[in-house]
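[1] All I have is the shape, not the residue letters:
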């Protein structure tokens, strides 16, 4: 698997190679551009020296928040997002033996089970879990039965609804256009 989400080859390589980095990028994907969110794991690894869940979970919270705040910051809300990443790291360490990929591989789960497991993670609600499940299925080789159905419309082929559909600058532009259309429709519905 070779992801092309951030436009930065080193950041994309880390996402492609490390399941926890990819999970962390998804966690960070809120209130910042997708590219910024998914480039976050590389910044963490460069500043901490590792992206290992146990090392992150055990790092001093204040020092970890400072690491997030260094320019360029990992996220626009460094304190709260640093805490969320540490909570996610602790869950992966404690519940999955430090192996993030076990969330979607251990015990050969179907799509509904993978979705359930993702929703149990700190910071992963219904929508984020469905988007991540679609990313796993569309770009990371997940073959769990029923993953498309469990991912909802994010699993639809050619939907360009989320990060799961970004494979190039062109597909990024299509995802942005879809998101803008959804926001405009929601705004019009309120008016």
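    Good, I have the coordinates. As the structure is a prediction and not an experimental result, all values here were calculated from the model. Numbers count the residues shown, from 1 in each chain.
[2] Please make it C-alpha for all contacts and neighbour counts, starting now.
    OK.
[3] show me what contacts the residue nearest the centre of the chain?
    Nearest to the mean C-alpha position of the chain, by Cα atoms, centre = their mean, lies residue 26 at 1.4 Å. Going by Cα atoms under 8 Å, 6 or more residues apart in numbering, residue 26 touches 37-38, 128, 132.
[4] nearest to residue 87, of these?
    residue 128 (16.1 Å; Cα to Cα).
[5] how close does that closest one get to residue 24?
    12 Å (Cα to Cα, to the nearest Å).
[6] now do residue 2
    Taking Cα to Cα, one finds residue 2 at 17 Å from residue 24.
[7] what does residue 109 give?
    From residue 109 to residue 24 the distance is 21 Å (Cα to Cα).
[8] Show me which of the two is the more surrounded one.
    Between residue 109 and residue 24, counting by other Cα atoms under 10 Å, residue 24 is the more crowded of the two (27 against 19).
[9] Need the three-state assignment for the more buried one.
    Following DSSP: H, G, I helix; E, B strand; the rest coil, we place residue 24 in the helix state.
[10] Let me see the contact set for it.
    38, 40-41, 85, 88.
[11] Next: residue 88.
    Per Cα under 8 Å, 6+ apart, neighbours of residue 88: 24, 57, 121-123.
[12] Neighbours of residue 188, how many?
    9.
[13] what's the answer for residue 141, then?
    Neighbours of residue 141 (other Cα under 10 Å): 10.
[14] What separation is there between residue 24 and residue 132?
    Taken as Cα to Cα, the span from residue 24 to residue 132 is 11 Å.
[15] worst-scoring helix or strand of this protein, pLDDT-wise?
    helix 169-190 (a mean of 88; mean pLDDT, DSSP states H and E).
[16] Now stretch 161-170: buried residues?
    161-166 (16 or more other Cα atoms under 10 Å).
[17] One more: stretch 13-28?
    13-16, 18-28.
[18] do stretch 42-53 as well
    Buried residues in stretch 42-53 (16+ other Cα under 10 Å): 42-44, 48, 51-53.
[19] Equivalent analysis for stretch 174-181, please.
    174-176, 178.
[20] Quickly name whichever of the residues you listed is closest to residue 139.
    residue 175 (15.1 Å).
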